[in-house]
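K.L.:
please find the sequence and the predicted model below.
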Amino acid sequence: MSAGLRSAGARTFMASARRMGAVAEPDFDFNTFSQEATSSEARAEIEAMRGVHRELMKKFKIEEAKANAPEIDWAYYAERVKSSDVVAEMKAAYAATPEFKVTTDSADIEKDFDVMIASAEEAGVKSQQAIKDLEASLLAIEADSDYANITVDSALEKDPELKAEIEAEIAKKEWYSGE
């Protein structure tokens, strides 16, 4: 990204990019966005983005798809999908997906970024802990002198709780837990 797009222009771009998701909104105002650019190089980049935007809108027939998008017939899928739990999970996930709300208020945008940054930092901490746990597991496996020849039976002998859980699931013929 050009140096001319930092500051307010960059924030506008990020808000617009977030808003666009996989499909660009037709009401994106490239003219206003271009006015935020402070260099001719940045304006040229914006014009290139405008061209790509037009091409994508035409290529994927976005407006037509939005106008003709059918409602999801959950009953249809519940009848035809063998595991109705999958359909119920998808329906719940779909219902929980929030609608995009567009804002041009920089305070809202900054607040959203603060939430995302905090979430990313929290995920980073959890990831570091998961890495430590996995490394400890790997060391435990490597400590086993015969780790190259571990069998399912020998692993289950070391974890009777897991063995009992697996045997119970097999006895109940539970092949899919939905998790």
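P.N.:
Great, that's in hand. As the structure is a prediction and not an experimental result, all values here were calculated from the model. Numbers count the residues shown, from 1 in each chain.
K.L.:
hey, let's count contacts and neighbours off CA atoms from now on
P.N.:
Fine.
K.L.:
tell me the confidence at residue 173?
P.N.:
The confidence metric pLDDT takes the value 84 at residue 173.
K.L.:
I meant to write residue 159 there.
P.N.:
90.
K.L.:
what do you get for residue 68?
P.N.:
pLDDT, read off for residue 68, is 75.
K.L.:
now it. Its backbone dihedrals?
P.N.:
phi -110, psi 10 (degrees, to the nearest 10).
K.L.:
now whichever strand or helix holds residue 58: how far from the chain's centre is it?
P.N.:
In the assignment (DSSP states H and E), residue 58 maps to helix 40-59. For helix 40-59, the separation from the chain centroid amounts to 25 Å (computed by Cα atoms, centre = their mean, to the nearest Å).
K.L.:
by contact count, what packs against it?
P.N.:
On a contact count with 3 or more Cα pairs under 8 Å, 6 or more residues apart in numbering; DSSP states H and E, helix 40-59 meets helix 30-36.
K.L.:
buried residues in the helix it packs on?
P.N.:
33, 34, 36 (16 or more other Cα atoms under 10 Å).
K.L.:
between these, which is nearest residue 74?
P.N.:
residue 33 (40.5 Å; Cα to Cα).
K.L.:
distance of residue 173 from residue 157?
P.N.:
For residue 173, the distance to residue 157 (Cα to Cα, to the nearest Å) stands at 22 Å.
K.L.:
one more: residue 134?
P.N.:
In terms of Cα to Cα, residue 134 sits 21 Å off from residue 157.
K.L.:
same thing with residue 61?
P.N.:
58 Å.
K.L.:
just residue 99 next, same as before
P.N.:
50 Å.
K.L.:
biggest helix in this protein by residues?
P.N.:
Determined from DSSP state H, the single longest helix within the chain is helix 106-143.
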